[in-house]
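Asks: give me a 3D structure for the following:
(chains A and B)
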Amino acid sequence: MTGQREGRAAAIDVPTLVFAAAGIAAAAVLPFVRARPNRIAEGTAQLLLGISPAAAACLLVLWGAAGVAALLARAGQARARVVMALSIAAPVAAVVAAGLVTTAAAGASTIARASLAAGFWTTTVLGYASFLSSSTRAGLGRDLLRRVLGFSVPVVIGALLFSGFLDAVSVVREWAVQKTVFLAETVNHLVLSGMAVLAGGVVGLLVGIVSRRRAGFRQASFFVLNIVQTIPSLALFGLLILPLAALSRRFPILHEWGISGIGRAPAVIALSFYAMLPIARNTLTALAGIPPAARDAGRGMGMTRGQLLGRVEIPLALPVILAGVRTATVQSIGNVVVTALIGAGGLGVFIFQGLGQFAADLILLGTLPVIAMAVAADQLLGGLVRLVTPKPLRGVEA
Amino acid sequence: MIRFDAVARRYGPVAAVDGVSLDIREQELCVLVGPSGSGKSTLLRMANRLVEPTSGAISVRGRDVRDLRPEDLRRGIGYVIQSVGLFPHLDVAANVATVPRLLGWDRARIEQRTDGMLALVGLDPGRYRRRFPHELSGGEAQRVGVARALASDPPIVLMDEPFSAVDPLNRLRLQDEFLQIQRELRKTVLFVTHDVDEAIRLADRIAILRAGRLVQYDAPERILEAPADPFVAAFVGADRALKRLSRFAVRGHARAVEAFRVDDEASIREAARQRRFLWIVDERGVLLGSLDTELANRCGEIRSCVSTENIRDMAVTPEASLKEALSRMLGASARTIPVVDSEFHLLGELSLRDVESVSEKPVSAGSSAGSSAEGGAGGGP
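Replies: Predicted structure coming up:
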């Protein structure tokens, strides 16, 4: 009898219960939208229950259903699938509600703004957290349903943005105003992070390869790279201004190429230094992890150094090296934000403008695409890592 | 075929190999044996230039190894190592095809060769071709390692403790299988081990190394019979007389003997006057047991007096070693044991005297190679 009761007790999905309770609380007490007479005014926070009881009820029902499933349904993958669907439905519903209530709150006024508040963001984060938690715990990490549901929120947001349904949301209004600049700075942001990862990657790879053979070089290079990693990016930009400006004055050709103390040159140089460490370290780790016997056998059978590298070492090391590139890329996309301060542009431009003008929407306009880019790059490179991992070496992935 | 001429390799003040001269003959299996640190692996790795000698010269097939690009030299020499060193990201077929691919063979030839090699080492190509190294047992992995070393049909094979990491039972099987392959292919093999028994089982000739120096280089029978110094004697062990017996096969030492059919009473009674013991077979020639003729005289029916008790434990095959034969004699408390074929037909008999005569008779250097070819346990179809 005791055993049976323990069995039932263990079957309760506690994490989902916690997420559901938090979701209900967020929908009920946190302000969902903030209506403001203009873009910098404080405005008034409003509960979803107050402006759209139907939407609020929808959120409460979704979270409630997830909670009930966690409490009463039989444990297993079927329950996990239900919880996953209900969890991801909450952010979707929140996005739709956002479109509805902001249109109502902002009205026809062109300067009035309706921005999304804590209730919206909390619901979105909780929904994703609950979704990832239940799918991972049920061993559905590679499940088709997880992929489809995981992409549903960005797809819904994209579709609604395109249809104009979200036009009244303050960030979207800000975007409409800045459209041309936004596009240019987004491209700029991608180019800057791309260049940084490319340059840092090539150097990092070489540092890693050479480090495996030469202990002295390894000590010295990793000492430098580790120190660089601890220097705040802003300080590193500052440190590069003087030498680069001097070089540019000394060699006019550099000036013609656009290299000077501020702008893209110091930005890319500094960022590629940050990108070097993860790539160099992963290259070194990967090469050191290759079974010595495989290397000895390869050499003993008559492989040249290049053949050994190309046929044995690189194929075995590539997944780990690419994991380093993945880390470096995500890190670079975030770091490029700061380069706006030294005139290199990027989405940081909006963030610093927003900070200066006390315009939260502008800050969001800079931040949201950075997050989206980082997540997309992470997913993309994660997929690439899986693709290049030789079948027998595939294990647990992060 | 492989010739070391006053070869030395120093690491700082330490000499790993210290002036070794050694000539490995074509188609011979030469085993380098010695305690750890004796320089045997270093010596082997100098043959394909994985290690360069500090002084001295090495020639392979009559050419100084320094005249060849290391890669070209190595592609012409098979190489097997203790930890196998299969490439974990490649399947068995791709692993075996390593050297043929380096040599630029065409695809059809490589495929055919790969399957042939897997079959040779006793792995069904259909089942093993697409497996990956982590799906193989230690013994299977080492078989693949041997197949890979032989894939391009090199005349020379270097083997650095190839069977040391395998459990003892599998090691014996691998050794037997390898001996069979070697009898068929007749490669020139340089084989490193620290296991004296393995050396005695496999070698045509054994080179014993100590602290980088060659102490004795001779046929196993000779080394066991006349160790060059107390070190060699201690190294090969106090049971070296027994080990020596393991180098000789029953075939060649057994004597023909008449078999008596159990229903041929007249012949048995006739023979009983000259001999105390007779081997009795049934109507199909299958050995039944021995007959003590003194008992037989008081016996009604011959069949009931034949001693069949431990005949299965006594009998040896012609391929068995004299060491095994001696062990069977001791086990059965018999001075004479029957020699039978796989169907248990009587072929002859072997007596303790026959075994003793081998121990007494010194083996000349010339005849040792011949006896070693028929020696060793196992023996293939």
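Asks: can you count the residues close to the residue in chain B that chain A sits nearest to?
Replies: Nearest to chain A, among the residues of chain B, is B:Gly85, at 3.1 Å (CB to the nearest CB). All C-beta atoms are positioned from the backbone trio N, CA, C, and that covers glycine. With neighbours defined by other CB atoms under 10 Å in any protein chain shown, the count for B:Gly85 comes to 26.
Asks: go on, B:Arg130?
Replies: Around B:Arg130 there are 12 residues (other CB under 10 Å).
Asks: wait, what's in contact with B:Thr336?
Replies: For B:Thr336, the contact set (CB atoms under 8 Å, 6 or more residues apart in numbering or on different chains) comprises B:277, B:329, B:349-352.
Asks: any idea how far it lies from B:Ala254?
Replies: Using CB to CB, to the nearest Å, one gets 10 Å for the distance from B:Thr336 to B:Ala254.
Asks: for B:Ala266, same thing?
Replies: Note on B:Ala266: its distance to B:Ala254, by CB to CB, is 27 Å.
Asks: hang on, the earlier thing: tell me which of the contacts of B:Thr336 fall in strands.
Replies: Here DSSP state E is the test, and the contacts of B:Thr336 give B:277, B:349-351 as lying in strands.
Asks: only whichever of the residues you listed are buried, select them in ChimeraX.
Replies: Of the ones in strands among the contacts of B:Thr336, the buried ones can be selected in ChimeraX as follows, counting by 16 or more other CB atoms under 10 Å in any protein chain shown:
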select /B:277,349,350,351
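Asks: what are the boundaries of the strands in chain A?
Replies: A:31-36, A:44-47, A:113-116.
Asks: give the rounded mean pLDDT of the second one.
Replies: If I follow you right, that is strand A:44-47. Averaging pLDDT along strand A:44-47 gives 86.
Asks: which of B:Ala266 and B:Ala254 has more residues huddled nearby?
Replies: The neighbour comparison of B:Ala266 against B:Ala254 (other CB under 10 Å) goes to B:Ala254, with 21 against 7.
Asks: my guess is the more buried one contacts B:Arg353. True?
Replies: No - using CB atoms under 8 Å, B:Ala254 is not in contact with B:Arg353; the gap is 11.9 Å.
Asks: residues from chain A in reach of chain B?
Replies: A:291-304, A:307, A:311-312, A:315-316, A:390-393 (CB under 8 Å from any CB of the partner chain).
Asks: buried subset of the residues you listed?
Replies: Buried members of the residues of chain A next to chain B, scored by 16+ other CB under 10 Å, are A:291, A:293-303, A:307, A:311-312, A:315-316, A:390.
Asks: quick check: helices, which of these are part of them?
Replies: In helices, judged by DSSP state H, the following of those are found: A:293-300, A:307, A:315-316.
Asks: can you list the residues that contact stretch A:279-294?
Replies: Under CB under 8 Å, 6+ apart, the answer for stretch A:279-294 is A:200-201, A:203-205, A:207-209, A:211-212, A:218, A:221-222, A:225, A:312-313, A:316-321, A:323-325, A:327-328, B:81, B:83-88.
Asks: which regions of the chain lie under the pLDDT threshold?
Replies: All of this refers to chain A. Low-confidence segments of chain A (pLDDT under 70): A:1-10, A:106-108, A:261, A:392-398.
Asks: I was after chain B.
Replies: Confidence mapping of chain B against pLDDT under 70 gives the ranges B:360-381.
Asks: those residues of it touching chain A, which are they?
Replies: B:48, B:50, B:70-76, B:79, B:81, B:83-90, B:98-99, B:102, B:132-135, B:145, B:148-149, B:158.
Asks: again, 6 Å this time
Replies: Counting by CB under 6 Å from any CB of the partner chain, chain B comes close to chain A at B:50, B:71, B:74-75, B:79, B:83, B:85, B:87, B:89, B:98-99, B:102, B:132, B:134.
Asks: filter those down to the buried ones and hand me the ChimeraX line.
Replies: Filtering the residues of chain B next to chain A down to the buried ones (16+ other CB under 10 Å) takes a single ChimeraX command:
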select /B:50,71,74,75,79,83,85,87,89,98,99,102,132
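Asks: kindly indicate which of the residues of chain B next to chain A lies nearest A:Phe19.
Replies: When these are compared for distance to A:Phe19 (CB to CB), B:His134 wins out at 39.1 Å.
Asks: from B:Ser327, how far out is the closest one?
Replies: 40 Å.
Asks: go on, A:Phe350?
Replies: Relative to B:Ser327, A:Phe350 is positioned 90 Å away (CB to CB).
Asks: could you do A:Asn282 as well?
Replies: 59 Å.
Asks: ok, these two, which is more surrounded?
Replies: For A:Asn282 and B:Ser327, the more surrounded residue by other CB under 10 Å is A:Asn282, and the numbers stand at 24 against 15.
Asks: what residues are up against the residue nearest to that one when sequence neighbours are not counted?
Replies: The shortest distance from A:Asn282 to any non-neighbouring residue, by CB to CB, 6 or more residues apart in numbering or on different chains, is to A:Gly324 (2.9 Å). A:Gly324 makes contact with A:278-279, A:282, according to CB atoms under 6 Å, 6 or more residues apart in numbering or on different chains.
Asks: same question, B:Arg205
Replies: Residues near B:Arg205 by CB under 6 Å, 6+ apart: B:30, B:219.
Asks: now it: how far from A:Gly310?
Replies: For B:Arg205 relative to A:Gly310 (CB to CB), the value is 40 Å.
Asks: kindly report the same for A:Thr122.
Replies: Using CB to CB, A:Thr122 is found at 51 Å from A:Gly310.
Asks: go on, A:Pro91?
Replies: Distance of A:Pro91 to A:Gly310, computed by CB to CB: 46 Å.
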